[in-house]
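Q: with the input below, show me the fold.
(chains A, B, C and D, ligands or ions: 6)
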Amino acid sequence: MESLVKASAARPQDYKSNLAPVWCPGCGDYGVLAATVRAFADMGIPKEQVALMSGIGCSSRLPAYTTAYGFHSIHGRVLPLATGLKLARPDLTVVAVGGDGDGYSIGGNHFIHACRRNVDITYLVMDNAVYGMTKGQASPTTECDWENSKLTPNGPGVAPFRPLELALSAGATFIARGFSGDPMSVTKLIVEGIRHPGFALIEVLSPCVTYRPEQREYKQRVHTGFGEPTSDRNEAFRRLMLDDQFTTGLLYKSDDVSFRFTPDTPLAMELIEQQFVL
Amino acid sequence: MESLVKASAARPQDYKSNLAPVWCPGCGDYGVLAATVRAFADMGIPKEQVALMSGIGCSSRLPAYTTAYGFHSIHGRVLPLATGLKLARPDLTVVAVGGDGDGYSIGGNHFIHACRRNVDITYLVMDNAVYGMTKGQASPTTECDWENSKLTPNGPGVAPFRPLELALSAGATFIARGFSGDPMSVTKLIVEGIRHPGFALIEVLSPCVTYRPEQREYKQRVHTGFGEPTSDRNEAFRRLMLDDQFTTGLLYKSDDVSFRFTPDTPLAMELIEQQFVL
Amino acid sequence: MVQNSVSIALTGSGGAGVMTAGQILLDAAAQAGFYGLMGRSLGPQIRGGESVALLRLSTAPVQSADDTFDLLVAFDWGNIERFLAELPLTPASVVIADPATGAVPASVAASGARVVMVPFTNLAANRPGSRPNMVGLGLVAALVGIPADPVLAILHRSLHRKGVEAMENASAAVAAGFAASTAAGETARLASATAQGHARWSITGNEAAGVGTLRAGVRFAAAYPITPATEILEWLAPNLPKVGGNLVQTEDELSAVVMCIGASYGGIPAVTATSGPGLSLMIEALGLAIASETPIVVVNVMRGGPSTGIPTKSEQGDLNIAVYGVHGDAPHIVIAATSISDCLHTTEWAVQVSEALQCPTIVLSDQAMGQARAIIDHPPASGIVAKRRLFEGGSETYNRYAITEDGISPMSLPGMVAGEYTAEGLAHSEGGMPSTKAEHQQAQSDKRLRKLTSYDFGDRWADIEDFGGTPTTAVITWGSVTGPVREAAMRAATEGVATRVIAVRLITPVQPERMAAALAGIKRVLVVEQNHSGQFYRFLRAFYDLPAAVQALYRPGPLPMRPHEIQVRLKAMA
Amino acid sequence: MVQNSVSIALTGSGGAGVMTAGQILLDAAAQAGFYGLMGRSLGPQIRGGESVALLRLSTAPVQSADDTFDLLVAFDWGNIERFLAELPLTPASVVIADPATGAVPASVAASGARVVMVPFTNLAANRPGSRPNMVGLGLVAALVGIPADPVLAILHRSLHRKGVEAMENASAAVAAGFAASTAAGETARLASATAQGHARWSITGNEAAGVGTLRAGVRFAAAYPITPATEILEWLAPNLPKVGGNLVQTEDELSAVVMCIGASYGGIPAVTATSGPGLSLMIEALGLAIASETPIVVVNVMRGGPSTGIPTKSEQGDLNIAVYGVHGDAPHIVIAATSISDCLHTTEWAVQVSEALQCPTIVLSDQAMGQARAIIDHPPASGIVAKRRLFEGGSETYNRYAITEDGISPMSLPGMVAGEYTAEGLAHSEGGMPSTKAEHQQAQSDKRLRKLTSYDFGDRWADIEDFGGTPTTAVITWGSVTGPVREAAMRAATEGVATRVIAVRLITPVQPERMAAALAGIKRVLVVEQNHSGQFYRFLRAFYDLPAAVQALYRPGPLPMRPHEIQVRLKAMA
Ligand SMILES: Cc1ncc(C[n+]2csc(CCOP(=O)(O)OP(=O)(O)O)c2C)c(N)n1
Ligand SMILES: Cc1ncc(C[n+]2csc(CCOP(=O)(O)OP(=O)(O)O)c2C)c(N)n1
Ligand code: SF4
Ligand code: SF4
Ligand SMILES: [Mg+2]
Ligand SMILES: [Mg+2]
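A: Ligands and ions are numbered 1, 2, ... in the order given. Okay, the predicted model is just below:
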């Protein structure tokens, strides 16, 4: 893992492309982009060694704003995409990014299965509790009584998901929450997440200033409080019971082994085909 | 809810069709079928008021073995199917049935979202930790080191899901585990599940004697131990931390409100269309 | 120049209010007795980027954009290059721009259009609180010949919640615009409006699609948002409950379509709406609906493809997946709307035939119809509420999939005594029992096909109209390009080229006899559509016997097909 | 009667061991220098139900089942009615049954077949530990002319792990069967075997498909089980790691296909296998692979449709979805295997062209090939390992989607310095930047089509063979019905009817010039396929110019198309 050694030459802006983001001014995703490129620079990973995979949504536009390898794919499928790449190319640093709709709604099954499979991927969810790209519908993390979507004028009427809890119960081995308004600490989580040898969920509260202007208050609402990261599931659940969904930091980290392929003794094709010979 | 009142005339066999199950002799699903029809009889629900919805798998064949309404649909989609029906026809008793592959693998997203949406459906998962219908591949509840599938000859290599924990973290309001070898207690859970006004998960350990013959031992392994049902999520998580996946009984039941439609003041079509008139 | 129609583009950066001005202009034109159409084009920014309102006002109903624009009003020039291809100008066009935003870009000037400078910003600044877009609104209204009264009426209606001051400021700005109009010189002007016969509607294709389903009796919708279909769902959400129905937002499209199947199994007509990527995810469940004979309607509003493609622009690329997408032999109904107002009638019809035939129906609309707004005549109610053939009891065993002469088997609904059955996606017998027998597979396949082929869909399968004389040339087309095709045919007729336009609404099941009748006397056929591979042309070849001389005119989006390019082909063929 | 091929059915309830006996018979026949084919048919029970082994042994390679069976060996009669339609018997057939299982059912007797009673159970009972199926094996081997030596050799190979006693018991039972054979009288017998040129293989179509992908360089597979494709994945699972690759089981098909895209983006050729319902779920991602130009191979093993249909039986109903299923204009490659051994070559070729053209490829196989076992000649290695055109560095900016003459753009892989890019499913420029410009949409659509149409697929697009004289009639067919079609043509030739058989392997992109050449001199065409709606016939009409006289012969599964029904049509057309 030489590539994870800090190379002093790398600067955050080297990882940033010239493409102007489509994001609204003030969107939280700018902070996540900044945190991401800084993490790469801090770690000195050569940009050709990084692959940023994404689905569809405002947040999923992030890969093209970097100079690393990237894949802007289809809605909800970022995790299998990243998993396929990582399993086929374990030498790469694979980072998956996307939104709460992409990851917890249409991509929910891949999310729980990625937690369970524990392949060495870092997954950044820019959670704004809304579908930004499609103009403001409720997502699985939207409050039950949020009435500002035309699609659910009386509110979604369902309790929001608690992504960290879901991840823990699905078997994730690295669970953290960050806030895009504090990019430095998100950078730190990304570095730790990449270093973690399994699946790392980093849920980043990332305000949608356009469809959820009230999220500008996130600054006031976030706080630390998880304490030192625990590796005890019991304890992690206990802490989550007290979580108001605004606690930031690394909650849980365990060293359960990651799913990897075990190479077999190499065999020539002819020998493999012997099984069919009569 | 008159239909939930016990009508003395109904007998379990009235709810059983003449169709011979395709199941292997000794399959646990026979017990679940028996428990299900007994529950209907005990409650005296007229058979035309019950709809049994299923996906695809050995277990998903259950509906046709009853005389109630049924829908044998496609792999993994039983929960949206049941949800659509229940939302459109709240007068019906809607029971969803299927396997661990159907429910937790391909259907995993609908599973967590059904837990969250909390629509009044009772969901029986016949969990045999294997894909029976397709001849014995690992499912999400299969042990990490089960090496008897040709598809994963070195074992799935991933820790199994803990469905009850997943359900709890996803927001389910009724969470129970039964064992097909003890149909009477499964009947009891089904009755309670149907009475529960939200989404009720009943995970039933239901041995696959063909591909998992060692599951004949379930009889020896199951045990009670959840204690009285709790409505405290904290406490429920605590109990689940101690669960060896063989504890049976009703773990958790809360009366969080179920997702329902709120009828609006009726309006004639012409009046609705007024909005377009210039 | 007095014209029967005038095309106007309003452009400006985010916050300039071009869409507001455009919509007021459109509605005011309607009040003044005109018809109109307004499309929109947006930059890539999620919000606050540049945009263009693309209007055409006319003395008669408008179904197509024109070839070029008569007027381009630029509140500013931000990123105008991005839109230029959508804004064809000629030396006959007039460009009106605010000098405050700088010189006219060379790319615009190159068109040869006459340029008029009007200081919108300054004029608005005269009265604090008034805005340049309102000045522009007044100016354009004056130029094209819409009196101040309807403009002010619409303005007041849309602003009355903002208070008296806002209204007065806006009125003053509009008045300033009217006053400034004299400086513009000779521009295109509308001929006299037709008499206002009855109340007109201002509606988008997506809203119309929502209304159609509701009229026909849909009472359940499941929704996953996707551009450019979301507005159908967003219109249904508050309106379904008013007729006793409801809409649920789902976790994904797999869920949405299956929830509809569940609801419909329960007897409640159900709809979902989506676009290409979502339709792809619904494919497996559509097969289930076909095999289990459960009616549902999926409205697919097409956008640029393939894959994520161009979500905000129109294309007709989903014909193939709609017709052929389902695995196995899976006959079903595909219907395409031919105009914004037809979005209403077509979805209504879709629900009716879907319910009657217990078969899923895909309605094809597209971004150009769905997200554009038109002034249309009040669409008369058909009065037909969708109806299924239901099980009526009886002593014998109920066979859900009974083989009948017309292929339709009476359906029982949960709650009906003695009608209990298990709906089945496996091959099955008449009673619905799973079966691998060849005779069952054959009989049920025959029956599922027969119910579609033996049903009398009537004249609505296609709109057929002759333009000029006795045509020997026909255009066969579908969907939103019907508008430009008809306009092209109309123009060609004035040039002595007679054309029959066959706009096919019922894509499947095919209607070979009706088509043969429609092609009587036709020697040459031109197939027109907006996609890269001529999907409809290939489909016609596969299922219809066409005259030997067939040509195809197709190209991908995002630019709309314009009447001119079709007209040129018609002339060349004649 | 000495024949070039003998058809044998072995039937019995669960545990009777008919499949074991059948497979030993097949392999023994191969050792004796014959060829053969063995299909299987199972009852609905998940396990332990009745089953039939359907064999055809022959002096030449076998590609099709025959019209009728020469021998039916019944270990018991359990549920035989269920299978009768699959077991056509004639008065020339011989039925051998164990009297212990009761009288021959009237339905079987009605065929007029001669009945011979052989007490398998008693004969086996003579030696404790030996089983009736082994007695039957010996009997059939003796009757059809397979010497005891190869039977015992195969028997020992398959039993040697069970110990000496098991082997001896089985040998004794086989010997008893040989001894009992004299009682059967005159039955169909194989002519002399051809010389054993080189080692033959015993392989199923699904195994062959696995081998093909591995040979071509596939090193990643993602798997979700589904009948009848699972065996491809199950074969790959232990074998991929031996060549440095690996397989991962996924949560569903949506994940499986996307994991393949991820792996392939990383430069590792990837495959997944599925059947109709799973293919439906892969449709959206296939569009992404097309738009992002990521090669992957999806092997679709067709079963009865629509929806869940008939998972264990064959049909050719997924042509439509494979060709047209993707939304938008989405050109891609569809290739169909024409026989069990061709499953190897076709998947190998699929990987090669997919990688060369950076385009997803769907391989169509079906249950009849996938789950049947054949004795085939050793398939020679092509020696061609799939190769992508890769980015080779350079000073300029790298354009992932560069417009090139042949449409293929050099691809860079993560890890390559200066080749960084973001793969894109939105419409995009050459550099891969999202774009809504008409010129980009047109240029990239053209390029994606061009790389397919300008590529030289060579002669493998179809297998073309003339049977008898100079044909003026051609059969155009595809997939597993190629076998019966060729046999029908062969027989027709002996009756003086000359036929050209064109078995199309490359379904898309279409090859109009090659087809025109193949149809030179042809006046009449018969299109043969096994589905309910004539999907291939419609497809040919859409894309090829066929002679005026075209007939189509199609019907759904689950019964196989037999040479006879095709032969009858050929004669009628001549
Ligand atoms: C299959 C499919 N369904 C729906 C869409 C439409 N769509 C695009 S982005 C999006 C939601 C985005 O929400 P989120 O992932 O939270 O990202 P955000 O825009 O909020 O960053 C949806 C529904 C799509 N592109 N594909
Ligand atoms: C889309 C799709 N993928 C795969 C299959 C094949 N398949 C049928 S049943 C099944 C798994 C069944 O496992 P489970 O749900 O646990 O049921 P069981 O048979 O064990 O009761 C699979 C993979 C299918 N029918 N459809
Ligand atoms: S809509 Fe919201 S999430 Fe999207 S770019 Fe704008 S602020 Fe960000
Ligand atoms: S295979 Fe297993 S799950 Fe299926 S019927 Fe047999 S015992 Fe039951
Ligand atoms: Mg979001
Ligand atoms: Mg199971």
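
Q: around chain B, which positions in the stretch 351-500 of chain C sit nearby?
A: For the stretch 351-500 of chain C, the residues in contact with chain B (C-beta under 8 Å from any C-beta of the partner chain) are C:375, C:378, C:381, C:414-426, C:432-434. Yep, even glycine has a C-beta here, placed from its N, CA and C like the rest.

Q: hmm, try it at 7 Å
A: C:414-417, C:420, C:422-426, C:433 (C-beta under 7 Å from any C-beta of the partner chain).

Q: ok, so of these, who is nearest ligand 4?
A: Ligand 4 has its nearest neighbour among those in C:Leu426, at 15.6 Å by C-beta to the nearest ligand atom.

Q: quick one, phi psi at C:Ser365?
A: phi -120, psi -170 (degrees, to the nearest 10).

Q: interface residues of the stretch 101-250 of chain A facing ligand 6?
A: Among all residues of the stretch 101-250 of chain A, none is adjacent to ligand 6 (criterion: C-beta under 5 Å from the ion).

Q: in the stretch 101-250 of chain A, which spans are helices?
A: Ranges of helices in the stretch 101-250 of chain A, per DSSP state H, counting those that start in this stretch, are A:108-117, A:163-170, A:183-195, A:218-221, A:233-242.

Q: and the residue of the stretch 151-278 of chain A found nearest ligand 1, how close does it get to ligand 5?
A: Closest residue of the stretch 151-278 of chain A to ligand 1, C-beta to the nearest ligand atom: A:Cys208 (6.0 Å). The gap separating A:Cys208 from ligand 5 is 6 Å, by C-beta to the ion, to the nearest Å.

Q: nearest to chain D: which residue in the stretch 101-250 of chain A?
A: A:His113 (4.2 Å; C-beta to the nearest C-beta).

Q: closest to chain A out of the residues of the stretch 351-500 of chain C next to chain B?
A: Comparing these against chain A with C-beta to the nearest C-beta picks out C:Gly425 as the nearest, at 20.9 Å.

Q: run a quick neighbour tally on residue 213.
A: With no chain named, the answer covers chain A. A:Pro213 is flanked by 12 other residues according to other C-beta atoms under 10 Å in any protein chain shown.

Q: let's do chain C instead
A: Each residue near C:Thr213 was counted by other C-beta under 10 Å, and the total is 29.

Q: residues from the stretch 101-250 of chain A in reach of ligand 3?
A: Contact residues, the stretch 101-250 of chain A versus ligand 3 (C-beta under 6 Å from any ligand atom): A:128, A:132, A:208-211.

Q: ok, C:Ser292 touching C:Glu424?
A: Yes. Using C-beta atoms under 7 Å, C:Ser292 makes contact with C:Glu424 at a distance of 6.1 Å.

Q: got the contact list for the residue in the stretch 101-250 of chain A positioned nearest to ligand 5?
A: Going by C-beta to the ion, ligand 5 is nearest to A:Asn128 of the stretch 101-250 of chain A, at 4.4 Å. Contacts of A:Asn128 were listed using C-beta atoms under 7 Å, 6 or more residues apart in numbering or on different chains, and they are A:28, A:99-100, A:206-208, A:212, A:215.

Q: also A:Phe71?
A: Shown in contact with A:Phe71 (C-beta under 7 Å, 6+ apart): A:51, A:53-54, A:63, A:81, D:265, D:422-423.

Q: now it: which helix or strand?
A: Assigned by DSSP states H and E, A:Phe71 belongs to strand A:69-72.

Q: just the CA coordinates of that strand, formatted as PDB?
A: Presented in PDB, the C-alpha positions along strand A:69-72 are these (Å, rounded to 0.1, in the frame of the first residue of the first chain):
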ATOM      1  CA  TYR A  69     -10.600   8.400 -12.300                       C
ATOM      2  CA  GLY A  70     -14.300   8.500 -11.900                       C
ATOM      3  CA  PHE A  71     -17.600   6.900 -13.000                       C
ATOM      4  CA  HIS A  72     -20.900   8.800 -13.000                       C
END
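
Q: now the strands: where do they sit in the stretch 351-500 of chain C?
A: In the stretch 351-500 of chain C, the strands defined using DSSP state E, counting those that start in this stretch lie at C:361-366, C:373-377, C:422-424, C:462-467, C:473-477, C:499-504.

Q: which is the next helix or strand following the last one?
A: Right, the one you point to is strand C:499-504. Next helix or strand after strand C:499-504 toward the C-terminus (DSSP H and E): strand C:506-508.

Q: what is that following strand packed up against?
A: Contacts defined by 3 or more C-beta pairs under 7 Å, 6 or more residues apart in numbering or on different chains; DSSP states H and E place strand C:506-508 against helix C:319-324, strand C:333-336.

Q: which strands and helices sit next to the longest one?
A: Of the remaining helices and strands, those touching helix C:319-324 by 3+ C-beta pairs under 7 Å, 6+ apart are strand C:361-366, strand C:506-508, helix C:535-543, helix D:319-324.

Q: that one: how far from the chain's middle?
A: Relative to its parent chain, helix C:319-324 has a centroid offset of 18 Å by C-alpha atoms, centre = their mean, to the nearest Å.

Q: tell me how far the closest residue in space to C:Lys451 that isn't next to it in sequence lies from C:Ala427.
A: Nearest residue to C:Lys451, sequence neighbours excluded (C-beta to C-beta, 6 or more residues apart in numbering or on different chains): C:Gly407, at 3.0 Å. Distance of C:Gly407 to C:Ala427, given as C-beta to C-beta, to the nearest Å: 16 Å.

Q: residues touching the closest residue in space to A:Leu62 that isn't next to it in sequence, list them.
A: The shortest distance from A:Leu62 to any non-neighbouring residue, by C-beta to C-beta, 6+ apart, is to A:Val97 (5.0 Å). A:Val97 is in contact with A:52, A:54, A:59-60, A:62-63, A:124, counting by C-beta under 7 Å, 6+ apart.

Q: surely C:Gly217 is in contact with C:Ser354?
A: No. Using C-beta under 7 Å, C:Gly217 makes no contact with C:Ser354, being 10.6 Å away.

Q: show the pLDDT at whatever residue of the stretch 101-250 of chain C ends up closest to ligand 6.
A: Closest approach between the stretch 101-250 of chain C and ligand 6, counting by C-beta to the ion: C:Thr250, at 25.3 Å. C:Thr250 is assigned 98 on the pLDDT scale.

Q: now do the same contact list for it.
A: Contacts of C:Thr250 (C-beta under 7 Å, 6+ apart): B:80, C:222-224, C:256, C:259.

Q: again, only using 10 Å
A: When contacts are counted by C-beta atoms under 10 Å, 6 or more residues apart in numbering or on different chains, C:Thr250 touches A:105-106, B:80, B:83-84, B:110, B:113, B:117, C:222-224, C:256-260, C:272.

Q: check C:Val62 too.
A: Going by C-beta under 10 Å, 6+ apart, C:Val62 touches C:5, C:7, C:34-38, C:55-56, C:339-340, C:372, C:374-376, C:483, C:487.

Q: I figured C:Val475 hits C:Val528, correct?
A: Yes. Counting by C-beta atoms under 10 Å, C:Val528 is a contact partner of C:Val475 at 5.7 Å.

Q: give me the common contacts of those two.
A: C:481-482, C:485, C:488, C:501, C:503, C:551, C:553, C:566, C:569-570.

Q: show me what from chain C comes close to ligand 5.
A: Residues of chain C lying near ligand 5 (C-beta under 5 Å from the ion): none found.

Q: smallest gap between the stretch 401-550 of chain C and ligand 3, at which residue?
A: Closest point on the stretch 401-550 of chain C to ligand 3, by C-beta to the nearest ligand atom, is C:Ser480, at 28.2 Å.

Q: I'd like to know how far that residue sits from C:Gln316.
A: Plainly put, C:Ser480 is 7 Å away from C:Gln316 if you go by C-beta to C-beta.

Q: which one's more surrounded, these two?
A: C:Ser480 (34 against 29).

Q: residues contacting the more buried one?
A: For C:Ser480, the contact set (C-beta under 10 Å, 6+ apart) comprises C:63-64, C:205, C:302, C:314-316, C:336-340, C:342-343, C:364-370, C:372, C:529-530, C:560-561.
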